[in-house]
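Student: please work out how this folds:
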Amino acid sequence: MTDTSLWIETDAHGMILGIAPDTAKLLGLSQRGAHARDLRLFFPTAYTPLSELLRDAEDQVVEASYPLYPRDRRPIQVHLRISPCSPPASPGSHQLLRWTLSVQEVSQSRRSA
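Tutor: Okay, here's the model as predicted:
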């Protein structure tokens, strides 16, 4: 299930333009400190696949799961749903994208390993 309180709005290159308070906290940032950061940097093991997903998300909903690396904390597995959230301002301009995140629980067997 997706927690709709965990959302981020970015441009088509992954630059953060808006962020929910709980999502900023999850990243280890303030809302103000998150503004204009490249969200893909919080997914270092998936930087290239996320760049491809962002291109696809300009005209369709895309979903994927990757480890998120918050500041000063251990990585956590999240499921991403990236979708267009407003029409481009003008022809040829980029789409504003909404990332909805849901934290995936680690199974008990993986925790004890």
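Student: would you state the helices of the protein in chain order?
Tutor: Along the chain, the segments classed as helices by DSSP state H run 21-27, 31-34, 47-57, 108-111.
Student: so which other helices or strands are in contact with the second one?
Tutor: With contacts defined as 3 or more Cβ pairs under 8 Å, 6 or more residues apart in numbering; DSSP states H and E, the packing partners of helix 31-34 are strand 16-19, helix 21-27. (Each C-beta comes from the backbone N, C-alpha and C, glycine too.)
Student: who touches the one residue sitting closest to the centre of the chain in this structure?
Tutor: For the chain, the residue sitting closest to the mean C-alpha position, by Cα atoms, centre = their mean, is Trp99 at 4.8 Å. Applying Cβ atoms under 8 Å, 6 or more residues apart in numbering to Trp99 gives the contacts 7-10, 39, 80-82.
Student: which one of the residues you listed is nearest to Val62?
Tutor: Taking Cβ to Cβ as the measure, Ile82 is the one of the contacts of Trp99 closest to Val62, at 5.1 Å.
Student: the closest one contacts Gln95, doesn't it?
Tutor: No - using Cβ atoms under 8 Å, Ile82 makes no contact with Gln95, being 10.3 Å away.
Student: state the distance from Cys85 to Phe42.
Tutor: Noted for Cys85: a distance of 19 Å to Phe42, by Cβ to Cβ, to the nearest Å.
Student: what does Thr23 give?
Tutor: From Thr23 to Phe42 the distance is 11 Å (Cβ to Cβ).
Student: all strands of this protein, in order?
Tutor: Counting by DSSP state E, the chain has strands at residues 7-10, 16-19, 62-68, 76-86, 96-103.
Student: where does the chain dip in pLDDT?
Tutor: The chain contains residues with pLDDT under 70 at 1-4, 87-94, 106-113.
Student: returning to what we had before: so which of the helices and strands packed on helix 31-34 is the most surrounded?
Tutor: strand 16-19 (a mean of 20; mean count of other Cβ atoms under 10 Å).
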